[in-house]
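Q: Got a predicted structure plus its sequence, pasted below:
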Amino acid sequence: MAVAQQKRTESNPWRTAQHQFDEAADILKLDPGLRKILREVQREFTCHFPVQMDDKTVRNFTGFRIQHNINRGPAKGGLRFHPNVSLDEVKALAMWMTWKCAVVNIPYGGAKGGVIVDPYSLSANELEHLTRRFATEISILVGPDRDIPAPDVGTNAQIMAWFMDTISMHHGYSMTATVTGKPVEVGGSLGRADATGRGVMICTVAALETMGLKPFNQRVVVQGFGNVGSVSARLLEEAGCQVVAVSEDYGGIYNPLGLSVKKLIEYRAREGTLKGFPGAELVPNEDLLKIECDILVPAALENQITSHNAAEIKAKLIVEGANGPTTPEADEILRNRGVILVPDILANAGGVTVSYFEWVQDLQSFFWSEHEINARMEAIMTRSFKEVLAIRDEQRVDLRMAAYLLAVKRVAVATADRGIYP
Ligand code: GLU
């Protein structure tokens, strides 16, 4: 296969997702009928919708909402605003949400949505209009009992507030449980903003323990300094690790003696970028993943660890903060090299776990303390990590396959129990 074509095939997230599922289905000897159901998404919705820009011109945007499987409960998953959003990407992300909710055993199916847009190129007014119109387009699918969106790449608590308000306006009353990741003032949950990064930290510490290591002085590289990357870096530093490099989309900054994450966060809040952070050198994106370190946390986008760079990664532990950062080809290289990898569907499940708590609190109109939320999340993450570890040791597979075996089996049992309608 020509190199360009191989890169294209390797980097298609839907192919990655189906490949991972097929491998698990083979080991589970999944019934052929169930296999046909689970390797496809159940519903895929595409819309094209207009937004009037500030200069009164009209732009037509394309958005998606995909539900992969809803046999374990209502569909759950984020909304992504990014210029590279595609149907195949959103399908993969929806399938990964199904497995993620099943790994941590929360009563949801999997979904994802996205709009092809660079949200940073829009004014606040344009972003609000885009969000409200997209919410209206997908309102035929969403609702507290049906499909509950949340933040993802390029979206945040403010966007979730606009989304919730739009659906509420359609119904004539506040429907806070329609979406999670909202500001705390309008039914959001304490601890939600940090939840994904906190889960990454919990999984990192748990994985180190299995390797007979402690967090103290472990050198960490974090790719991506958004919500997941920055919180993971901060909490790993608090746990005793030394963060040596972090990155944004243009590249990263590196200091082999360690960076202060607190100062990085302050600097970025002030300057809007990490570029120019004192005492650190700039590294191009291609080199970031190859930096000398103990732990690598990819917390940006899909397809970052591929057959082209997996052999050069120095970390002995990879914890996937992002969804789908590693291709199947890279997985094999890392496995053969003995690198331990905590897969996305386990490592970043802290976010959707606290989303579940937010939904439960909204439905009950009864709110919990941050301590209670963090403690319950930690209990779920630790239990799930142990369950995955036990399967790894019993089946002699890697952690990704172990997580898949646990998740696919749970979803397959629910799907078989419910049977085929009519
Ligand atoms: N977008 C996040 C994820 O990929 C959170 C989803 C949610 O909370 O529903 O897990």
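A: Structure received.
Q: give the contact list for the residue lying closest to residue 44 once chain neighbours are set aside.
A: Nearest non-adjacent residue to residue 44, counting by Cβ to Cβ, 6 or more residues apart in numbering: residue 66, 4.8 Å away. Placement of C-beta: from N, CA and C, glycine included. For residue 66, the contact set (Cβ atoms under 8 Å, 6 or more residues apart in numbering) comprises 41, 43, 44, 45, 87, 90, 91, 93, 94, 111, 112, 113.
Q: And the helix or strand hosting residue 66, how far out from the chain middle?
A: Residue 66 is part of strand 58-69 when elements are defined by DSSP states H and E. For strand 58-69, the separation from the chain centroid amounts to 18 Å (computed by Cα atoms, centre = their mean, to the nearest Å).
Q: What strands line up against it, and which way round?
A: The sheet places strand 58-69 alongside strand 43-52 (antiparallel), strand 109-116 (antiparallel), with pairing taken from DSSP bridges.
Q: for those strands, which one ends up most surrounded?
A: Each of the strands paired with strand 58-69 was scored by mean neighbour count; the highest is strand 109-116, a mean of 28, by mean count of other Cβ atoms under 10 Å.
Q: That strand vs the ligand: in contact?
A: No: counting by Cβ under 6 Å from any ligand atom, the ligand has no neighbours in strand 109-116; the shortest distance is 7.5 Å.
Q: who's in contact with the helix or strand following that strand?
A: For strand 109-116, the succeeding helix or strand toward the C-terminus, using DSSP H and E, is helix 124-138. The contact list for helix 124-138 (Cβ under 8 Å, 6+ apart) reads 45, 47, 49-54, 61, 63, 65, 79, 81, 113, 115, 117, 119, 122, 142, 149, 159, 162-163, 165-167, 170.
Q: Can you select the buried ones among the residues you listed for me in PyMOL?
A: Here is the PyMOL selection string for the buried members of the contacts of helix 124-138, based on 16 or more other Cβ atoms under 10 Å:
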select buried, resi 47+49+51+61+63+65+79+81+113+115+117+119+122+142+149+159+162+163+165+166+167
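Q: Can you tell me which residues in the stretch 151-300 of the chain are near the ligand?
A: 152, 180.
Q: Can you get me a residue count around the residue of the stretch 151-300 of the chain at minimum distance from the ligand?
A: Going by Cβ to the nearest ligand atom, the ligand is nearest to residue 152 of the stretch 151-300 of the chain, at 3.7 Å. The local packing of residue 152 (other Cβ atoms under 10 Å) involves 25 other residues.
Q: which one's the longest helix in the protein?
A: Using DSSP state H, we find that the single longest helix of the chain is helix 370-395.
Q: where's the helix or strand following that helix relative to the chain centroid, distance-wise?
A: The helix or strand immediately downstream of helix 370-395 is helix 399-418, counting by DSSP H and E. Centre-to-centre, helix 399-418 and its host chain are 19 Å apart (Cα atoms, centre = their mean).
Q: With just CA atoms, put helix 399-418 into PDB.
A: C-alpha atoms of helix 399-418 as PDB (Å, rounded to 0.1, in the frame of the first residue of the first chain):
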ATOM      1  CA  LEU A 399      -5.300  -3.500  29.200                       C
ATOM      2  CA  ARG A 400      -7.100  -2.200  26.100                       C
ATOM      3  CA  MET A 401      -8.300  -5.600  25.200                       C
ATOM      4  CA  ALA A 402      -9.200  -6.400  28.800                       C
ATOM      5  CA  ALA A 403     -11.300  -3.200  29.000                       C
ATOM      6  CA  TYR A 404     -13.000  -4.100  25.700                       C
ATOM      7  CA  LEU A 405     -13.800  -7.600  26.800                       C
ATOM      8  CA  LEU A 406     -15.500  -6.300  30.000                       C
ATOM      9  CA  ALA A 407     -17.400  -3.600  28.100                       C
ATOM     10  CA  VAL A 408     -18.400  -5.500  25.000                       C
ATOM     11  CA  LYS A 409     -19.700  -8.400  27.100                       C
ATOM     12  CA  ARG A 410     -21.800  -6.100  29.200                       C
ATOM     13  CA  VAL A 411     -23.300  -4.400  26.200                       C
ATOM     14  CA  ALA A 412     -23.800  -7.800  24.400                       C
ATOM     15  CA  VAL A 413     -25.600  -9.300  27.400                       C
ATOM     16  CA  ALA A 414     -27.900  -6.300  27.600                       C
ATOM     17  CA  THR A 415     -28.600  -6.300  23.900                       C
ATOM     18  CA  ALA A 416     -29.300 -10.100  23.900                       C
ATOM     19  CA  ASP A 417     -31.500  -9.800  27.000                       C
ATOM     20  CA  ARG A 418     -33.700  -7.200  25.400                       C
END
